[in-house]
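*Asks:* Fold the following and give me the result.
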Amino acid sequence: MSVLPHRTASSKQSRLSGFSLVEVMVACSVLGAMLVVMLSTVNHVSELWRTSNARVEAFQSARLGFENLTRLLGQATLNTYWDYDDPNNPTRYIRKSELHFFVDEAEAVLGTGSFYGQGVFFQAPANHNPPAANAGISFANRLPGLLNACGFYVECASESEKGWLPTHVDSQGKKRFRLMQWMQRSGDLSVYQTVAGSTGRDWTALSAQAIPAADNVIALVIAPKEPEHQSVKALPDQYNYDSRENTGSNPQPANANQLPPILQVAMVAIDEASANRLGDAMQSTIESCLSGLFKETPGASFESDMKTLEEALTAQRINYRVFVSAIPMHEAKWAPEP
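*Replies:* Alright, predicted model coming up:
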């Protein structure tokens with residue numbers, strides 16, 4: 001038997017303990033591919049985060065405005081009580097209230113102007129009583145729970161039209177759709193009184209005193225509702241509601257001096273980038289998207305009208321957000337069934 005030379009065994013062992021050039025190149029290729037995939041994934045996640053964060057910031061004002069609206073609506077009150085129909089010649093007891101809860105098309109309530117969707121007007125214990133002009137320190141902190149008259153509606157106007165710019169500024173400012181909030185001081189709670197010589201109400205001061213609660217809100221849709229489990233429905237399928245309607249009828253209707261049991265509130269907002277892109281055509285474009293929608297029978301047509309609006313906004317490449325909430329009216333004492 002012959003013995004292999006020592007150098008031959010050593011050479012074989014050397015070849016077995018290293019990597020060939022091909023193996024190194026394959027390993028580098030695999031590592032490079034993994035790095036590319038990892039970097040692509042990180043970039044994609046980062047872009048999603050930036051986009052989501054931008055969208056959140058774009059609608060942050062609208063979200064805060066919607067939360068303020070729903071919070072105040074949930075506090076609405078009528079302070080309803082029972083009394084004689086006529087103190088001088090009583091024949092029966094009826095529900096009475098000095099307060100008012102009112103939902104109607106904003107344009108019908110506020111008159112001339114560019115108003116969209118429904119407006120809602122009510123009283124709530126918001127304790128808002130800043131000092132009036134030339135007045136002393138507010139007494140709101142010493143008398144908690146003071147009532148305020150409140151109102152919310154959507155208006156489209158420029159900053160100069162609203163008188164928000166200094167007189168020396170020539171610019172018209174930005175023209176935007178806005179959710180407007182009106183709140184009357186507790187000390188001035190009188191706007192719901194009957195106008196002398198008329199059966200109407202004095203709303204003239206409302207628009208001038210309102211302030212913007214959120215920009216780029218294009219529609220406010222409000223519908224009174226009854227619980228789904230309620231077998232007998234006392235409310236008609238309509239958007240408007242007036243707690244003072246037919247209060248003298250015999251028998252009184254279910255809504256007479258009563259809050260609705262539930263309010264379905266929807267608010268549609270667009271982002272600032274879309275408003276800027278539309279420019280001077282913004283108002284006419286939004287009007288065409290809203291045309292004919294949310295006018296009647298919310299129970300039968302709200303979902304289809306909202307879908308139509310979303311499709312119209314998408315067709316115009318408008319980035320939008322819809323906020324919807326069903327608000328139980330805690331002060332409602334609803335018992336329409338016998």
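
*Asks:* What sits closest to F302 if chain neighbours are left out?
*Replies:* A223 (6.6 Å; C-beta to C-beta, 6 or more residues apart in numbering). C-beta here means a position set from N, CA and C on the backbone, and glycine is covered the same way.

*Asks:* Okay, and the beta partners of that neighbour?
*Replies:* A223 forms beta bridges with Q264, as assigned by DSSP bridges.

*Asks:* Report how many residues lie close to it.
*Replies:* 24 (other C-beta atoms under 10 Å).

*Asks:* Thought L263 was touching it, still the case?
*Replies:* Yes - A223 is within contact range of L263, at 7.3 Å (criterion: C-beta atoms under 8 Å).

*Asks:* Report the residue spans of this structure with pLDDT below the cut-off.
*Replies:* Counting by pLDDT under 70, the chain contains low-confidence residues at 1-18, 46-58, 131-144, 167-172, 189-207, 335-338.

*Asks:* Break down the stretch 1-150 of the chain into its strands, ranges please.
*Replies:* 81-84, 93-96, 102-105, 115-124, 148-158 (DSSP state E, counting those that start in this stretch).

*Asks:* If you could redo that for the stretch 201-338 of the chain, that was the one I meant.
*Replies:* Assigned strands in the stretch 201-338 of the chain, in chain order: 211-215, 217-225, 241-242, 262-270, 320-328 (criterion: DSSP E, counting those that start in this stretch).

*Asks:* Most tightly packed of these?
*Replies:* Neighbour counts (mean count of other C-beta atoms under 10 Å) averaged over each of the strands of the stretch 201-338 of the chain peak at strand 217-225, with a mean of 25.

*Asks:* Tell me which residues are up against that strand.
*Replies:* Residues outside strand 217-225 that contact it (C-beta atoms under 8 Å, 6 or more residues apart in numbering): 62, 65, 103, 106, 116-120, 152-154, 177-179, 235, 239, 241, 260-270, 286, 289-290, 294, 298-299, 302, 306, 309, 320, 326.

*Asks:* swap the cut-off to 7 Å and go again
*Replies:* Residues outside strand 217-225 that contact it (C-beta atoms under 7 Å, 6 or more residues apart in numbering) are 62, 65, 103, 116-118, 120, 152-154, 177-179, 235, 239, 241, 260, 262-270, 286, 290, 294, 298, 302.

*Asks:* Which segments of the protein make up each domain?
*Replies:* 23-58, 61-328 (automatic domain parsing).

*Asks:* Need the winner for burial among the ones you listed.
*Replies:* Greatest average neighbour count among the domains of the chain goes to domain 61-328 (a mean of 17), per mean count of other C-beta under 10 Å.

*Asks:* can you give me the offset of that domain from its chain's centre?
*Replies:* 11 Å (C-alpha atoms, centre = their mean, to the nearest Å).

*Asks:* Identify the residue spatially nearest to F101, adjacent ones excluded.
*Replies:* With sequence-adjacent residues excluded and distances taken as C-beta to C-beta, 6+ apart, F101 is closest to S243, at 4.3 Å.

*Asks:* before we move on, the earlier item: ok, now how distant is the residue nearest to F302 from D237?
*Replies:* Computed with C-beta to C-beta, to the nearest Å, the distance linking A223 and D237 is 9 Å.

*Asks:* list residues touching both of those two?
*Replies:* Shared contacts of A223 and D237 (C-beta under 7 Å, 6+ apart): P298.
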